[in-house]
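**Q** Predicted model and sequence follow; I will ask about them next.
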Amino acid sequence: MVKVYPFKAIRPQAALAAQVAELPYDVVNSQEAAAYAADNPYSYFHIDRSEIDLPGVDPYEPKVYQKAADNLTAFKDASWLVQDEQPAYYLYQLTMDGRSQTGLVVCTSIDDYISGQIKKHEFTRPEKEIDRINHVLACDANTSPIFLSYRQPAALKEQIDAWQAAHPPIYDFASYHDVQHRVWLVDDPALLEIISGAFTDVDALYIADGHHRTESAVKVGLQKREAGQSSVESERFLSILFPENELAIWEYNRVLRYPVPENFFEDLSVNFTIEQTMDKKPAQAGTIHLYLDHQWWALTIKPSAVPTDAVGRLDVSLLQTYILEAIFGIKDIRTDKGIDFVGGIRGPEELERLVDSGDWSLAFSMYPTQMSDLLAVADAGEIMPPKSTWFEPKLLSGLFLHDLETK
């Protein structure tokens, strides 16, 4: 079983929610955040990307984290963000292109993560962890939610659906990419107990997106525990739990800035069958589309080359093993400057644009990793290659903060 807890969210006034809420800090750079926040004093980027208020300052300087804390205090003093008086759960529904997913906003246990009941499928980078650790410590709050998935008990779904049907949302607005965001406050004491009790039938939670935020939140909690400065709330971290059958993973494509070997197609043919195609995106797993010299090619893995393990048989692993590493010598895609990653939301046309510009040599359009793959890898205790999944729609930040209550 896993544990979930209601909490007293720090959240926007209803009238300001659409102006406060922003994309996650890690899907924009400083320049993009500054542009989004221009002429919007309510933008959550003033907290989550506080370097935008300190032009010319390195984003990782101590004064940037202090600025985030100062801005958070200012938002609360102005009542742009207000803390609920009683612990509650929240429902967060996102609707994109007619498809909806409803998450349960909770606090989860750092001990459940340590014990492996909150499962991961990616490695993290220390420098990214340190950034968020410093941010959380300065703000004394989990400032961004972690996107988790789970196998939802049918009885819990019935309770959630009934609450949504019987109560109006406290937030209801459209934002980036025409996604509709709706939030419900669940404050009935009896239902809070029912929701908490439902997780006795849930064996594990799975990190869908937010591995660095998870590691950072857990390490902050452990630091405070070891220093004797912990609170009930610092033993927990902010999470949004979505049923695995409601989620959609988009492709995470690749572009390379490497010269194309003279015998490139001959090398590819060792493990793939190759044919020209008019399609820019693969229609099934086991096929990778290559864009080179204004032409698309379908690369279909030969059955004899498909590994049997949960990680090795992923399309991103086949690309890594048989093309990136074997042909281009790219061993660590997290640090190699000759490769970049393009989220599926941008479409294959972005791959064509990048290659046709001459800045990149070739591109690979991927078939999306499936949720069943993610769960299988996590259950096996294995790790996916970096940049294996791109989730859409994105959870907005600024709608929920979790006060650690240690200051």
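**A** Everything's here; your move.
**Q** And the next helix or strand past the helix or strand bottoming out on mean pLDDT in the chain?
**A** Using mean pLDDT, DSSP states H and E, strand 390-391 stands out as the lowest-scoring helix or strand of the chain, at a mean of 90. Using DSSP states H and E, the helix or strand that follows strand 390-391 in sequence is strand 402-403.
**Q** who touches that following strand?
**A** 7-10, 83, 107, 140-142, 233, 236-238 (CB atoms under 8 Å, 6 or more residues apart in numbering). Any C-beta I mention is one placed from the backbone N, CA and C, and that applies to glycine too.
**Q** roughly how far is that strand from the heart of the chain?
**A** 19 Å (CA atoms, centre = their mean, to the nearest Å).
**Q** got it, and stretch 346-363?
**A** 24 Å.
**Q** Surely residue 172 is in a helix?
**A** No - the assignment for residue 172 (DSSP: H, G, I helix; E, B strand; the rest coil) gives strand, which keeps it out of a helix.
**Q** give the contact list for it.
**A** With CB under 8 Å, 6+ apart, residue 172 has these contacts: 180, 181, 182, 183.
**Q** switch the cut-off to 6 Å
**A** Listed by CB atoms under 6 Å, 6 or more residues apart in numbering, the contact set of residue 172 reads residue 182.
**Q** Enumerate the beta-bridge partners assigned to it.
**A** When assigned by DSSP bridges, residue 172 has beta-bridge partners residue 182.
**Q** ok, which stretches of the stretch 151-300 of the chain are helices?
**A** Taking DSSP state H, counting those that start in this stretch, the helices of the stretch 151-300 of the chain run over residues 154-166, 189-198, 211-226, 264-268.
**Q** Quick check: closest non-adjacent residue to residue 391.
**A** residue 209 (5.1 Å; CB to CB, 6 or more residues apart in numbering).
**Q** Ok, residue 327 next?
**A** Nearest non-adjacent residue to residue 327, counting by CB to CB, 6+ apart: residue 267, 5.1 Å away.
**Q** cool, residue 100 as well?
**A** Residue 100's closest residue in space is residue 93 (CB to CB, 6+ apart), at 5.7 Å.
**Q** Counting neighbours, what do you get for that neighbour?
**A** For residue 93, the neighbour count with other CB atoms under 10 Å is 20.
**Q** Okay, and the beta partners of it?
**A** Bridge pairing for residue 93 - DSSP bridges - gives residue 102, residue 182.
**Q** I'd assumed residue 182 was in contact with it.
**A** Yes - the criterion here is CB atoms under 6 Å, and residue 93 meets it with residue 182 at 4.5 Å.
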